[in-house]
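> would you be able to build a 3D model of this:
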Amino acid sequence: MDNVLSFSVDRIELLEEISNSQFAKARVWAFASGENKHEMTISEESLIRAENTIYDKPLVWLYSKLLDDATGHSTLEVPAGFVPKHSANISYERAEDGRLFFVVDALIWKYYSGKLLEIFQKTDGKKSVSVEIVLVETKELENGKVEIVDFVYRAITVLGEAYSPAIPLANAQIIQFSQDKFEVEKILEFSRIELNKECDQVDFNYEEFAQSFSMSANELWKMLYSACREAKYQEDGDDYQYIRYYMRDHDADYIYAYDYKEDKTVAIPYSISNGEASCDFENVKPAKQKWVVTESNEGNEGMVEFAKEILSKEFADLESQIASFQEKINTLEKEKSELSAQFSTEKEELVSKISILETEIGTEKSDLLTKFSEIEKEKSSLKEKISELENKKIEFAEKIKSLESENVELKTFKANVEEQERKTKIDFAINSVSDDLTQDQIDEWRGKVDEFENIEAFSNAIKAFAYSLTKNQKDKDDITIASMALDNKNNSKTKGLWD
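Numbers count the residues shown, from 1 in each chain. Coordinates of the predicted model:
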């Protein structure tokens, strides 16, 4: 029961009533792909994969005298109809927001559904419904939501006006009342089943045939299934178009399908070109059973009588099953009585054990409260120490900030001193050879200072340059130059000997 969910749809709409009818046919927009109010999501593939599980499932409801309307979900719901296996007329319709809706016909008993049809008429033939499903497989998505991978339909519940649907924009419509059509379809289907049992089935390799079109057998089946459903028909006085053919099998030449309009099995010629299938609906042939194509309706005569005999046998089997079920019910009642006595004994033992456990828990609770009180005291002491450490941390942070400020000033002072010392050494190196260089040469060498690794290297280089100039001059003039100490206070340039 934990995997059972309910999904509501908007309405069932009553369109038409034909007198002397046993059933009201409802067109139900049952379920949709995408997200719903349960914060779950479902893909179109999962929606289509579950379609066969809707067959023979009940349409249920619960009447409220107070509201004179249907209620919501309840264990007291009673059947008011069902989804017929052989005339469900399954189709899919695309909503404006892109969601794919699963649409199916349901039959409602006119004489055994209580006031349900009256309530439909009170609300212009429109009622909300809720589709109950049983989850088979789910998976959690990255966004935290859950995706329904596989599920099985369990029931369709008619809701009152006070209940909102879980599937917005979905709806269902009662479209007609039919006269025993379902019973005839059921009888004919039993006949076809029995005839097929006697038929020698022809071996057909689905996979090998599909591979000739570069497809898998499942892909080919889906393509032929869709092509078969393109044919539609209308019943007299009805504006709604129904799907005419329901595919049951295929071979290399024919799609074997049930013809809803003519109520018989047929063989539809088809062809495949450029990856697409097309059916030749103009040349549909009768099919005696699954593998036998005929040129007439041969084989359909006498089916009703044959089916009645089958149904009679089944009724006898049901009577036998009912008797067997009654025996099982009696056995279960006996087991229930025995289990009740056993439960009473076990209950007394459990009550005694619970009393002992409560006493033990009370003692342990007292000890834990004492320990908790001690822990709270220790916690309070630690908080005080943490507060003191936090204050010291603030003081240290202020001291560090002050030291960092002083460090910046010292670095600036050091840089200034080093720069001044560097300039002094440069001036000293230049002044030591200024007598041998011109002002242009001195300016040129002053611009080369940054090219040397250090001032010592610069000093050695400029001295070597001055020496080379002096030596060249001596070699050229063969003149001995003697330096004399002169008073240069009033002249920025050094004077020669003859000056």
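> can we go C-alpha only for contacts and neighbour counts from here?
Fine.
> give me the beta-bridge partners of residue 256?
For residue 256, the beta-bridge partners are residue 249, residue 267 (DSSP bridges).
> what sits against it?
247, 248, 249, 250, 265, 266, 267, 268, 287, 290, 291 (C-alpha atoms under 8 Å, 6 or more residues apart in numbering).
> ok, then the element right after whichever strand or helix holds residue 412?
For residue 412, the enclosing helix or strand under DSSP states H and E is helix 303-431. Once the chain leaves helix 303-431, the next helix or strand it forms, by DSSP H and E, is helix 439-446.
> and the contacts of residue 256 as JSON lines, adding distance to residue 472?
JSON lines is the format used below for the contacts of residue 256 (distance: C-alpha to C-alpha, whole Å):
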{"residue": "247", "distance to residue 472": "116"}
{"residue": "248", "distance to residue 472": "117"}
{"residue": "249", "distance to residue 472": "116"}
{"residue": "250", "distance to residue 472": "115"}
{"residue": "265", "distance to residue 472": "126"}
{"residue": "266", "distance to residue 472": "124"}
{"residue": "267", "distance to residue 472": "121"}
{"residue": "268", "distance to residue 472": "119"}
{"residue": "287", "distance to residue 472": "126"}
{"residue": "290", "distance to residue 472": "123"}
{"residue": "291", "distance to residue 472": "123"}
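> confidence-wise, which of those residues comes last?
The lowest pLDDT within these belongs to residue 290, which sits at 49.
> ok, and the closest non-adjacent residue to residue 449?
Leaving aside its chain neighbours, residue 449 sits nearest to residue 458 (6.4 Å; criterion: C-alpha to C-alpha, 6 or more residues apart in numbering).
> in the helix or strand where the one you found lies, what's buried?
According to DSSP H and E, residue 458 maps onto helix 455-477. By 16 or more other C-alpha atoms under 10 Å, the buried positions in helix 455-477 come out as 455, 458, 459, 462, 463, 466.
> ok, stretch 269-279 next?
Those would be 269, 270, 277, 278, 279, for stretch 269-279 by 16+ other C-alpha under 10 Å.
> make sure the second one is indeed in a strand.
Yes - assigned with DSSP: H, G, I helix; E, B strand; the rest coil, residue 270 falls within a strand.
> what about the helices in the stretch 1-150 of the chain?
Ranges of helices in the stretch 1-150 of the chain, per DSSP state H, counting those that start in this stretch, are 44-49, 116-122.
> now render those helices as TSV, adding distance to residue 105.
Below are the helices of the stretch 1-150 of the chain laid out as TSV (distance: least, C-alpha to C-alpha, whole Å):
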stretch	distance to residue 105
helix 44-49	16
helix 116-122	16
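> comparing these by mean pLDDT, which bottoms out?
Mean pLDDT is lowest for helix 116-122 out of the helices of the stretch 1-150 of the chain, coming in at a mean of 83.
> same for it, what does it pack against?
For helix 116-122, the packing partners by 3 or more C-alpha pairs under 8 Å, 6 or more residues apart in numbering; DSSP states H and E come out as strand 12-14.
> mean confidence (pLDDT) on the strand it packs on, please.
The average of the pLDDT scores along strand 12-14 is 52.
> show me how far the helix or strand residue 156 falls within is from its chain's centre.
Per DSSP H and E, residue 156 falls inside strand 146-158. Here strand 146-158 is found 16 Å from its chain centre; the criterion is C-alpha atoms, centre = their mean, to the nearest Å.
> what lines up beside it in the sheet?
strand 40-42 (parallel), strand 58-61 (parallel), strand 129-140 (antiparallel).
> which residues are contacting that strand?
Here strand 146-158 has contacts from 39-43, 46, 49-50, 53-54, 57-61, 70-73, 127-141, using C-alpha under 8 Å, 6+ apart.
> put the buried members of these into a ChimeraX selection.
Only the buried members of these enter the following ChimeraX selection, criterion being 16+ other C-alpha under 10 Å:
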select :40,41,42,43,54,57,58,59,60,61,70,71,72,73,127,128,129,130,131,132,133,134,135
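> do a quick rundown of the strands in the stretch 101-250 of the chain.
129-140, 146-158, 172-178, 232-234, 241-243, 245-250 (DSSP state E, counting those that start in this stretch).
> which one of these lies closest to residue 78?
Smallest distance to residue 78 across the strands of the stretch 101-250 of the chain (C-alpha to C-alpha): 9.5 Å, for strand 146-158.
> as CSV, could you dump the C-alpha coordinates of that closest one?
The C-alpha coordinates for strand 146-158 follow below in CSV (Å, rounded to 0.1, in the frame of the first residue of the first chain):
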residue,chain,number,x,y,z
VAL,A,146,11.5,11.4,-8.0
GLU,A,147,10.9,10.0,-11.5
ILE,A,148,8.3,7.2,-12.0
VAL,A,149,10.0,4.7,-14.2
ASP,A,150,7.3,1.9,-14.3
PHE,A,151,3.8,1.7,-12.7
VAL,A,152,0.5,-0.1,-13.0
TYR,A,153,-3.0,1.5,-13.1
ARG,A,154,-5.2,0.4,-10.2
ALA,A,155,-8.5,2.4,-10.5
ILE,A,156,-10.1,5.6,-11.6
THR,A,157,-11.9,7.5,-8.8
VAL,A,158,-14.7,10.0,-9.4
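> quick one: mean pLDDT over that strand.
Average pLDDT, strand 146-158: 89.
> next, count neighbours for residue 65.
Residue 65 has 9 neighbours, counted by other C-alpha atoms under 10 Å.
> need the pLDDT of it.
Taking residue 65 on its own, its pLDDT is 81.
> any idea how far it is from residue 79?
Distance of residue 65 to residue 79, given as C-alpha to C-alpha, to the nearest Å: 18 Å.
> so what's residue 26 bridging to?
Beta-bridge partners for residue 26, by DSSP bridges, are residue 106, residue 174.
> if we can go back for a sec, which residues are in contact with the residue nearest to residue 449?
Contacts of residue 458 by C-alpha under 8 Å, 6+ apart are 429, 449, 452.
> highest neighbour count among those?
The most neighbours of any of the contacts of residue 458, using other C-alpha under 10 Å, belong to residue 429, which has 19 neighbours.
> correct me if wrong: it contacts residue 459.
Yes - at 5.1 Å, residue 429 counts as touching residue 459 under the criterion of C-alpha atoms under 8 Å.
> pull out the buried positions in stretch 32-39.
For stretch 32-39, by 16+ other C-alpha under 10 Å, it's 32, 33, 34, 35, 36.
> show the contacting residues for the fourth one.
Going by C-alpha under 8 Å, 6+ apart, residue 35 touches 41, 42.
> count of residues packed around the residue nearest to residue 25 when sequence neighbours are not counted?
Leaving aside its chain neighbours, residue 25 sits nearest to residue 107 (4.6 Å; criterion: C-alpha to C-alpha, 6+ apart). Neighbour count for residue 107, taken as other C-alpha under 10 Å: 25.
> circling back: out of the buried residues of stretch 32-39, which is nearest to residue 83?
For the buried residues of stretch 32-39, the residue nearest residue 83 by C-alpha to C-alpha is residue 32; the value is 17.7 Å.
> show me the contacts for the nearest residue to that closest one once chain neighbours are set aside.
Closest residue to residue 32 apart from its sequence neighbours, by C-alpha to C-alpha, 6+ apart: residue 101 at 4.3 Å. Contacts for residue 101 (C-alpha under 8 Å, 6+ apart) come out as 29, 30, 31, 32, 33, 92, 93, 94, 95, 170.
> restricted to buried residues, select those residues in PyMOL.
Selection of buried members from those for PyMOL, criterion 16+ other C-alpha under 10 Å:
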select buried, resi 29+30+31+32+33+170
